[in-house]
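> just the structure for this:
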Amino acid sequence: MAKRTEPARDPAEAIVEELLAILFHRAYVPAAAPIIRSRLADLVADLLAALAGHGAPDRVGDRAGALMVELNVTDPQAVAGVIEVLSDLPERLFETPDAAVMRRMVSFTGAFGIGYSVALHRRTIEGQAALYRAMAAARHSADETARAVNLQFRTVFDHAGVGIAITDTDGLLRDANPTLARMLGRSVAELRGTSGFGIVHHDDEPAAQAVFRQLADTPGATREIELRYRRGDGDYGHAQWTVTAVPTAGEHDGYVIGIGQDITALRHLQDQLDHIAHHDPLTNLPNRRRLESALVDLTSRIRSDDSVGFCLIDIDDFKTVNDQFGHAAGDQLLVEIGARLTSHTARCETRCLVARIGGDEFAVLIDAPADESCLAVVAGTLIASLATPITLEQRRIQVSTSVGTALAPAAASVADLLNIADSGLHRAKATGKRQWQRGHGRERSAGTA
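As a prediction, the model looks like this:
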């Protein structure tokens, strides 16, 4: 079945309605519904065009991230919901999304995170500037105008879109605004008189205390820090804080004002982007990029004279399965094969990382120190994992696999391992399939399951 290059239907209206439902149920959006619908419709139309190859997905992603902040969509669940709907677009738009469509989606998603982060930071800075202006005016105003200025400060404080905490120099909370209270899942009354350090994750508390010590030594200074905070339900979120020491006249030590932007949604988004970048979209197994980073991690913690083990796996006659049962069945089969390889290698004494590196090829990185016997056990396990037929839609499909192995020095790259194992894979295919062979470079061994 040929891959489609145009959307099967126009889903824009349904997508806009899903996004509207998320925004109105999970976030406070001050704009009127018709305006929001129009903005989202424009965004979705641009994204659909970009995924079909008629626009720049990174530019659309940047605008989409900024639009979320403009619409006040900063609640972690709301942003995660938006990302979930948009990330499913390739499968909803195309009967069989090809690699180009998936690359465009990854480009959009990455730019979304950047646009969201930049806009969120800009809004935080603007909020800080307004607040500091109000505070400065309050400090320098004559008594006659103090009430009006204090009212201005209170208005900014109570209605700011960022969390604001006012503490003494020891971190005791004197006041908190409603946004901070909502962020923490507590009331303002509950927060007053408590230690600001008490809401910080215990692993981040030393860094927070270090910032306060620095501010104590430099009145008027400002520091930025990212901290995890504990919510009222016991869960943790992430916030970016700008903390300033505000000196006062007289004998008082002054106070500290912290302005915090909840970036939990941004952290979740970054985690999603990292997962997309390092995993195969079909099988959800690690991809070649993740394989390369895992090899770097592995070689950084082993001795220089240790060896790294590697297996390259190819499904025998997979094209026949595709021709007989169709590409959809072939994709399901690849998912099941990936699950089999993962579950069976998990039983080996040596830790293994199973990855899909393209088409019907999989790879296994074997933890060091690896040796000949270790390679034999893992290769045999991989072949044995497919000895039982796989059932798809009440059809039993028998497949087998051929394996090429490599045993290389710790300094070897993934490309080195692939080259060595590929030579063994070719010999395994040529001499009967459903077997494994060692690649060139060391004494050859062979085995069957």
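> quick one: list the elements packing against the helix or strand encompassing residue 266.
Per DSSP states H and E, residue 266 falls inside helix 264-278. Contacts defined by 3 or more CB pairs under 8 Å, 6 or more residues apart in numbering; DSSP states H and E place helix 264-278 against helix 76-87, helix 99-140, strand 236-246, helix 288-300. (Each C-beta comes from the backbone N, C-alpha and C, glycine too.)
> pLDDT of the longest one, averaged?
For helix 99-140, mean pLDDT is 71.
> kindly report the same for the last one.
If you average the pLDDT over helix 288-300, you get 86.
> isn't residue 259 right up against residue 161?
No. Using CB atoms under 8 Å, residue 259 is not in contact with residue 161, being 10.5 Å away.
> for this structure, give me the ranges with low pLDDT.
The chain contains residues with pLDDT under 70 at 1-10, 26-31, 75-76, 95-97, 99, 124-152, 248-253, 441-449.
> need the contact list for the residue nearest in space to the middle of it.
For the chain, the residue nearest the mean C-alpha position is residue 271 (1.6 Å; CA atoms, centre = their mean). Residue 271 sits next to no residue when contact means CB atoms under 8 Å, 6 or more residues apart in numbering.
> how close does it sit to residue 107?
According to CB to CB, to the nearest Å, residue 271 and residue 107 sit 18 Å apart.
> ok, residue 185 next?
To residue 107, residue 185 is 36 Å away according to CB to CB.
> which of those two has more residues huddled nearby?
Counted by other CB atoms under 10 Å, residue 185 and residue 107 do not tie: residue 107 has more neighbours, with 18 against 15.
> so how far is residue 100 from the more buried one?
Taking CB to CB, one finds residue 107 at 11 Å from residue 100.
> cool, and residue 437?
Distance of residue 437 to residue 100, given as CB to CB: 35 Å.
> ok, now residue 308?
34 Å.
> neighbour count winner among the two?
Each of residue 308 and residue 100 has its neighbours counted (other CB under 10 Å); residue 308 has more, 23 against 13.
> doesn't that one fall inside a strand?
Yes. According to DSSP: H, G, I helix; E, B strand; the rest coil, residue 308 belongs to a strand.
> contacts for stretch 18-26, please.
Applying CB under 8 Å, 6+ apart, the external contacts of stretch 18-26 come out as 29, 33, 36-37, 40, 44, 71, 73, 75, 77-78, 81-82, 85.
> let me redo that: stretch 406-413
For stretch 406-413, the surrounding residues in contact (CB under 8 Å, 6+ apart) are 292, 295, 299, 302-312, 368, 370-372, 375, 416-417, 420-421, 424, 438-439, 441-442.
> quick one: buried residues of stretch 331-348?
332-342, 344-345, 348 (16 or more other CB atoms under 10 Å).
> tell me the bridge partners for residue 167.
residue 173, residue 256 (DSSP bridges).
> picking up where we left off before, of the buried residues of stretch 331-348, closest to residue 197?
Checking these against residue 197 by CB to CB gives residue 342 as the nearest, at 42.7 Å.
> domain assignment for this protein?
1-160, 162-265, 279-448 (automatic domain parsing).
> now do the end-to-end distance for the shortest one.
When you say that, I think you mean domain 162-265. The straight-line separation of the ends of domain 162-265 (CA to CA, to the nearest Å) is 14 Å.
> off-centre distance for that domain?
Offset of domain 162-265 from its chain centre (CA atoms, centre = their mean, to the nearest Å): 27 Å.
> am I right that residue 363 is in a helix?
No. Counting by three-state DSSP, residue 363 falls outside a helix, being strand.
> what comes up buried for stretch 89-98?
So, applying 16+ other CB under 10 Å, buried residues of stretch 89-98: 89, 90, 93, 94, 97.
> so the second one: helix, strand or coil?
Assigned state for residue 90: helix (three-state reduction, three-state DSSP).
> tell me who's in contact with it.
Neighbouring residues of residue 90 by CB under 8 Å, 6+ apart: 51, 97, 101, 102, 105.
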